[in-house]
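**Student:** everything below, folded, please.
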Amino acid sequence: MNNVRNWSLTVAVAGFLFGFDTVVISGANLPIKELWHTTPLFHGVFIMSMALWGTVLGALLGGYPCDKWGRKKTLLWIGILFLVSALGSALAPNPYVFSFFRFIGGIGVGASSVAAPIYISEISSPENRGKLGTLFQFNIVFGILIAFFSNYFFEGFGGANDWRWMIGIVALPALIYSVIVIRIPESPRWLILNKKDDQAGLAVLEMIYAPTQAKESFNEIKKDVITSTKVDTFFSKKYKFPILLAFLLAFFNQLSGINFILYYAPEILEMAGLGAKESLFNSILIGVTNLVFTLIGMRLIDVLGRKQLMLIGSVGYIVSLTMVAFAFYSQLGSLVLLLSIMLFIASHAIGQGAVIWVFISEIFPNTVRANGQAFGTGIHWIFAALITLVGPIVIDIYKENPWPIFAFFAFMMLLQLVFVLFMMPETKGLSLEEIESKMKAHD
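**Tutor:** Okay, the predicted model is just below:
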């Protein structure tokens, strides 16, 4: 168990880089806009969303290296991509070079959201897979929190170059991660399924379980490998139910407005009447709320289950987003708005935030798990990129009062509640092979 926890913690550092790199741009947003005099459209495409288009590419293609070269090698290259991106973006002389290196970092983010959850799900037992899987999400929100702290403390640190320090500091954890990930073993399921190395796979399983349990797990994996076939393409009727689940979960994740709020938190708070430094500080409060409720989600995901957390989160989304829209519409002031946003973040952390990476990594069979994870995360990042791209444009349109934006997100969360109630199955306490059988029952 200690081995599994340590390996999961190591791999989950990719989530820290994911969160840090994704949100650190929020502090550089306005300084870059002033430095390079970007228009709303240019700023949305080249500055704010370029990393997310890299993320889409990394997510959609991330399944290939995971299957071809293994989970471990893919995770190592992810760290290298983050390192190169941070240094290149920080030293960029113009917006085009900046956007290129942000795109490179985005590939790392997308690939990490495929490789890390897969690896953790494949080394975990049914009893602790949810909790260990949420380590990735915990590290994402921890990275987000550190990014908010970092942006706050680098404000005023280097004058006109503050934003360069904000972006460049990501290189330090990227280097540390790249070194420590070398020490983890390869996924036993990848060794058995893809490399056809039963002896190596069994050896890793024996590092996870007692000898008898290791052999039972090995036999279960081998049985699944023997009975499974790769003749069917991923988008065949055979996998339609998990594909639909992954699509809808990823779609609703972004149509909650989570990335919109995280990316544009300082700007949204300034629209409510707060100053720039004050907005950055309140962004830290948002990050702390995210972290605390992610911890709660981690504690509950293997107790209440994935579906129950999604129900709680959906109701919280609807209430909080309605409050944000009403706060802007009625001009209730920055305090009410901040509290409403914090409730929204709490709802996300305990629901979608805790569930998405665990659930998508569970619902696909061993033979197509990497492709399934790539599909689900790809959908997630396509919508994240689209929402972030139009963010500056929508904010410019509703700069006087942005309440319709949040009313729209609240309506989408009503639809998510319907999806959770009537379509989403529970997966807690089941082995990956048992979940595969459960998915087949819906065909």
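
**Student:** all helices for the stretch 201-350 of the chain, in order.
**Tutor:** Applying DSSP state H, counting those that start in this stretch to the stretch 201-350 of the chain gives helices spanning 211-227, 240-254, 258-263, 265-271, 276-300, 306-329, 334-350.

**Student:** least reliable of those by average pLDDT, please.
**Tutor:** Among those, helix 265-271 carries the lowest mean pLDDT, a mean of 70.

**Student:** hmm, back to that, so which of the helices of the stretch 201-350 of the chain is nearest residue 436?
**Tutor:** helix 211-227 (7.0 Å; Cβ to Cβ). In this view, the C-beta of every residue, glycine as well, is placed from N, C-alpha and C.

**Student:** poorly predicted segments of this structure, please.
**Tutor:** Filtered on pLDDT under 70, the chain yields the residue ranges 1, 158-159, 225-232, 265-266, 269, 272-280, 443.

**Student:** which residue is nearest the centroid of it?
**Tutor:** residue 113 (5.9 Å; Cα atoms, centre = their mean).

**Student:** what's the helix or strand for the residue lying closest to that residue once chain neighbours are set aside?
**Tutor:** Spatial nearest neighbour of residue 113, excluding adjacent residues (Cβ to Cβ, 6 or more residues apart in numbering): residue 377 at 4.3 Å. Element membership for residue 377, per DSSP states H and E: helix 369-397.

**Student:** next helix or strand past that helix?
**Tutor:** Once helix 369-397 ends, the next helix or strand along the chain (criterion: DSSP H and E) is helix 403-422.

**Student:** and that next one, what does it pack against?
**Tutor:** helix 240-254, helix 306-329 (3 or more Cβ pairs under 8 Å, 6 or more residues apart in numbering; DSSP states H and E).

**Student:** how does it look with 10 Å?
**Tutor:** Applying 3 or more Cβ pairs under 10 Å, 6 or more residues apart in numbering; DSSP states H and E, one finds that helix 403-422 contacts helix 240-254, helix 258-263, helix 306-329, helix 334-350, helix 352-362, helix 369-397.

**Student:** for it, buried residues please.
**Tutor:** Under the neighbour-count criterion of 16 or more other Cβ atoms under 10 Å, helix 403-422 has 403, 405, 406, 407, 409, 410, 412, 413, 416, 417, 419, 420 buried.

**Student:** my read is that the third one contacts residue 322, right?
**Tutor:** Yes: contact between residue 406 and residue 322 holds when scored by Cβ atoms under 10 Å: they sit 7.9 Å apart.

**Student:** common neighbours of the two, please.
**Tutor:** Residues touching both residue 406 and residue 322 by Cβ atoms under 10 Å, 6 or more residues apart in numbering: 340, 344.

**Student:** so how far is stretch 23-36 from its chain's centroid?
**Tutor:** Centroid separation between stretch 23-36 and its chain, computed with Cα atoms, centre = their mean, to the nearest Å, is 22 Å.

**Student:** pull the number of nearby residues for residue 183.
**Tutor:** Using other Cβ atoms under 10 Å, residue 183 has 10 other residues around it.

**Student:** circling back to that earlier point, could you measure from the residue nearest to residue 113 over to residue 117?
**Tutor:** Separation of residue 377 from residue 117 (Cβ to Cβ, to the nearest Å): 8 Å.

**Student:** name the residues contacting each of these two.
**Tutor:** With Cβ under 10 Å, 6+ apart as the test, residue 377 and residue 117 both reach 356, 357, 360, 361.

**Student:** about what we covered before: return the most buried member of the helices and strands packed on helix 403-422.
**Tutor:** Each of the helices and strands packed on helix 403-422 was scored by mean neighbour count; the highest is helix 352-362, a mean of 29, by mean count of other Cβ atoms under 10 Å.

**Student:** just want the angle from it to helix 306-329.
**Tutor:** 140 degrees (axes from the mean of the first three to the mean of the last three Cα atoms, to 10 degrees).

**Student:** just the C-alphas of helix 352-362, formatted as CSV.
**Tutor:** C-alpha atoms of helix 352-362 as CSV (Å, rounded to 0.1, in the frame of the first residue of the first chain):
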residue,chain,number,x,y,z
GLN,A,352,-17.0,17.5,-10.9
GLY,A,353,-13.4,18.3,-9.7
ALA,A,354,-13.2,15.2,-7.5
VAL,A,355,-15.0,12.9,-9.9
ILE,A,356,-14.0,13.6,-13.5
TRP,A,357,-10.5,12.2,-13.8
VAL,A,358,-11.3,9.2,-11.6
PHE,A,359,-14.6,8.3,-13.4
ILE,A,360,-13.3,8.6,-17.0
SER,A,361,-10.2,6.5,-16.1
GLU,A,362,-12.5,3.8,-14.8
